[in-house]
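Asker: Sequence plus predicted model, see below.
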Amino acid sequence: MNDRLYSVGALIAEVNSLLEQGYSGVRVEGEVTNVSASGRGHLYFTLKDEAAALDCVMWSSRARRLKFELEDGLAVEAMGSLTIYPQRGRFQLVVEDLQPQGVGALQLAFEQLKRKLEAEGLFASERKRPLPPLPNRVGIVTSATGAALQDMLNVLRRFHHLQVVVAPARVQGEGAAKEIAAALESLWRSGKVNVIIVARGGGSLEDLWAFNEEVVARAIAASPLPVISGVGHEVDFTIADFVADVRATTPTQAAELVVARLEDQARRLGDFRELLVRDLRRRLQLSSSHLAGLEGSSGLARVPQRVRFERVRLRRALRLDVALKRLAASSRSRLDLAAGGLRRFPAAVAAGGHRRLVDSRRQQLEQLTTSRLGRWRARTEAGERALNHLGPSRVLERGYSITTIEGSTVPLRDPSSVRSGQLLMSRLARGELRSVARATTKKPVAAQEGSADSQPSLFDKDPPSGSKSGE
């Protein structure tokens, strides 16, 4: 029994010293749970099995070296030192190295990233871009000193017009993935290429690991130009192969895919060339046969005569040209002479003559219009006078009246149409008279000359003064 009295800090310090001496570099296996990360990059998790649980911490300097993502449920083997965290008095394992059980760390990281990018659709066939039909500018991302570059250049040199732009980058080791991504982006941003090859020679999973990094995968996916991946050998698969638009089994095959497009076009041009030559030969043979047939024809014998005839026509045409030029010069001279005379003619005289003619025509039109209007006005006034002389109102002014039965508009002409006691209306020049019929006679009684009841004739010019219309 130890009778020594310890402070809390002294006891934990002494226990930590004993733990570091006896349990440094201890290896523990278990299932990962409760994974969390601090803002400074430290990892905190718990290792457990059926019997117990152990708190673990992995400082950021070690956590950054992990190739895989630590997640709950993962079976791992941890190597580290046992300590007690003084501030909380908790027993924990400070992990220095962590390896997954059953599968290597790199293989696990590969599977994790593959699942993640596949879920995002970066492997989907519908986003794959086709290679250009006639690639003429090729960009290559690879090591400047590797054998893969020379293998690709040997293939691409088969077409001398093909331009090759190399963006060198490290393809292995720490920081290689970032260099590959930067070189790929610089190529498509330059606008100098229309297809890109990302390649390197074969190697182990560790050697090819730069092409399994997420930064390379996203750089390939972001490229607007089609990307061919040619990494490793035929059996090697990388994340870059899944994201790229076309996968080649080797760097050499990647170059062959570019050249194959050109060779296919060259074969098609060769086929068209053969067809064209064959057609030209057939046409030449037909023309030769036709010419041989014309050699013995009479039409061909008349060709010299026809040539002489055309020469005569040509000479005449040349003479005609001279005559036409002479005629044109003469006409131009006459035109200039006439133009000079016209300029000498006073324009004011010609303008004044036209103005006088227009004024004369206007005066004649006004006189004709006035004469016709006068004749129409005279005829209208004569008709108006005749109408006033013969109209009913004029007759009434002369002392006559118009008598109708009340309620009728028909003037009375025969007393037999009136019954005794009927009301009569007599229209005078100014006003009307109402009367009652007492008796009627079939024959009119002749009025005595000079009597007061006598009525003058309708055809008298002037009715006697004081005459009245009877009832």
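Answerer: Perfect, I can see it now.
Asker: Now the residue nearest the centre of the chain. Its backbone dihedrals?
Answerer: For the chain, the residue nearest the mean C-alpha position is P224 (22.5 Å; C-alpha atoms, centre = their mean). Dihedral pair for P224: phi -80, psi -10, per degrees, to the nearest 10.
Asker: How many residues are close by D151?
Answerer: 20 (other C-beta atoms under 10 Å). No exception for glycine: its C-beta is placed from N, CA and C like everyone else's.
Asker: which non-adjacent residue is nearest T250?
Answerer: G230 (5.8 Å; C-beta to C-beta, 6 or more residues apart in numbering).
Asker: The host helix or strand of the one you found pairs with which strands?
Answerer: If you go by DSSP states H and E, G230 is part of strand 227-231. With DSSP bridges as the test, strand 227-231 is paired with strand 195-200 (parallel), strand 246-247 (parallel).
Asker: Does the helix or strand just after the last one pack against any helices or strands, and if so which?
Answerer: Reading on from strand 246-247 to the C-terminus, the next helix or strand found by DSSP H and E is helix 251-295. Based on contacts counted as 3 or more C-beta pairs under 8 Å, 6 or more residues apart in numbering; DSSP states H and E, the elements that helix 251-295 packs against are helix 147-156, strand 195-200, strand 227-231.
Asker: would CSV of these with distance to G175 and mean pLDDT be doable?
Answerer: Shown next, in CSV, are the helices and strands packed on helix 251-295 (distance: least, C-beta to C-beta, whole Å; pLDDT from 0 to 100):
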stretch, distance to G175, mean pLDDT
helix 147-156, 19, 90
strand 195-200, 15, 92
strand 227-231, 18, 91
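Asker: Quick check: which of those is nearest to E120?
Answerer: strand 227-231 (17.1 Å; C-beta to C-beta).
Asker: Which residues does the closest one contact?
Answerer: Residues from elsewhere that reach strand 227-231, judged by C-beta atoms under 8 Å, 6 or more residues apart in numbering: 131, 148, 152, 184, 195-200, 208, 211, 220, 238, 240-241, 243-255, 257-258.
Asker: Next, the angle from that strand to helix 251-295.
Answerer: For strand 227-231 against helix 251-295, the angle by axes from the mean of the first three to the mean of the last three C-alpha atoms, to 10 degrees is 130 degrees.
Asker: in the chain, what spans have low per-residue confidence?
Answerer: Along the chain, the model assigns pLDDT under 70 to residues 1-3, 6-7, 22, 102-106, 294-301, 342-354, 387-394, 441-471.
Asker: For it, which segments count as helices?
Answerer: Under the criterion DSSP state H, the chain contains helices at 8-22, 60-63, 105-119, 147-156, 176-190, 214-222, 239-243, 251-295, 298-301, 303-344, 347-390, 392-397.
Asker: For the second one, list the C-alpha coordinates in PDB.
Answerer: I take that to be helix 60-63. Extracted as PDB, the C-alpha positions of helix 60-63 are listed here (Å, rounded to 0.1, in the frame of the first residue of the first chain):
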ATOM      1  CA  SER A  60      -4.300  16.700 -37.700                       C
ATOM      2  CA  SER A  61      -0.600  16.100 -38.700                       C
ATOM      3  CA  ARG A  62      -1.400  12.400 -38.800                       C
ATOM      4  CA  ALA A  63      -5.000  12.700 -40.100                       C
END
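Asker: domains of the chain?
Answerer: 8-102, 129-264, 303-334, 394-436 (automatic domain parsing).
Asker: got TSV for those domains, with distance to R356 too?
Answerer: TSV is the format used below for these (distance: least, C-beta to C-beta, whole Å):
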stretch	distance to R356
domain 8-102	111
domain 129-264	83
domain 303-334	32
domain 394-436	54
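Asker: okay, those, which one's buried deepest?
Answerer: With neighbours defined as mean count of other C-beta atoms under 10 Å, these peak in mean count at domain 129-264, which reaches a mean of 19.
Asker: L396 is nearest to which of the helices and strands packed on helix 251-295?
Answerer: Across these, closest to L396 is strand 195-200 (C-beta to C-beta), at 120.2 Å.
Asker: and the closest one, how far from the chain's centre?
Answerer: 36 Å (C-alpha atoms, centre = their mean, to the nearest Å).
Asker: Name the surrounding residues that touch that strand.
Answerer: So strand 195-200 is contacted by 131-132, 135, 137-143, 146, 148, 152, 171-172, 180, 184, 187-188, 208, 211, 216, 220, 223, 225-232, 240, 244, 248, 251, 254-255, 258 (C-beta under 8 Å, 6+ apart).
Asker: Go ahead and confirm G201 touches A148.
Answerer: Yes: at 4.5 Å, G201 counts as touching A148 under the criterion of C-beta atoms under 8 Å.
Asker: give the contact list for D55.
Answerer: D55 neighbours (C-beta under 8 Å, 6+ apart): 44, 46, 90-93.
Asker: Give the bridge partners for it, please.
Answerer: T46, Q92.
Asker: what's the spacing between it and E29?
Answerer: Distance of D55 to E29, computed by C-beta to C-beta, to the nearest Å: 16 Å.
Asker: was I right about V164 contacting P135?
Answerer: No: with contacts counted by C-beta under 8 Å, V164 stays clear of P135, the gap being 10.6 Å.
Asker: list the residues that contact both of the two?
Answerer: By C-beta under 8 Å, 6+ apart, no residue touches both V164 and P135.
Asker: L280 is nearest to which of the domains of the chain?
Answerer: domain 129-264 (24.9 Å).
Asker: and the gap between V358 and A181?
Answerer: In terms of C-beta to C-beta, V358 sits 94 Å off from A181.
Asker: Revised request: answer the last question for V243.
Answerer: On the measure of C-beta to C-beta, V243 and A181 end up 12 Å apart.
Asker: Same question for V76.
Answerer: For V76, the distance to A181 - C-beta to C-beta - is 30 Å.
Asker: again, but for L269
Answerer: Distance of L269 to A181, computed by C-beta to C-beta: 38 Å.
Asker: again with P415
Answerer: According to C-beta to C-beta, P415 stands 136 Å off from A181.
Asker: do the same with R379
Answerer: From R379 to A181 the distance is 113 Å (C-beta to C-beta).
Asker: So L262 sits against F159, correct?
Answerer: Yes: here L262 reaches F159: they are 5.3 Å apart, a contact under C-beta under 8 Å.
Asker: how deep is R281 tucked in, by neighbour count?
Answerer: 10.
Asker: for the one 3 residues further on, same thing?
Answerer: A count of neighbours around L284, defined by other C-beta under 10 Å, yields 10.
Asker: quick one: contacts for it?
Answerer: Taking C-beta under 8 Å, 6+ apart, we find L284 in contact with no residue.
Asker: can you check T33 too?
Answerer: Per C-beta under 8 Å, 6+ apart, neighbours of T33: 45-48, 53, 72-73.
Asker: Save those residues as TSV, and put in distance to E14 too.
Answerer: Formatted as TSV, those follow (distance: C-beta to C-beta, whole Å):
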residue	distance to E14
F45	28
T46	26
L47	26
K48	28
A53	25
D72	35
G73	37
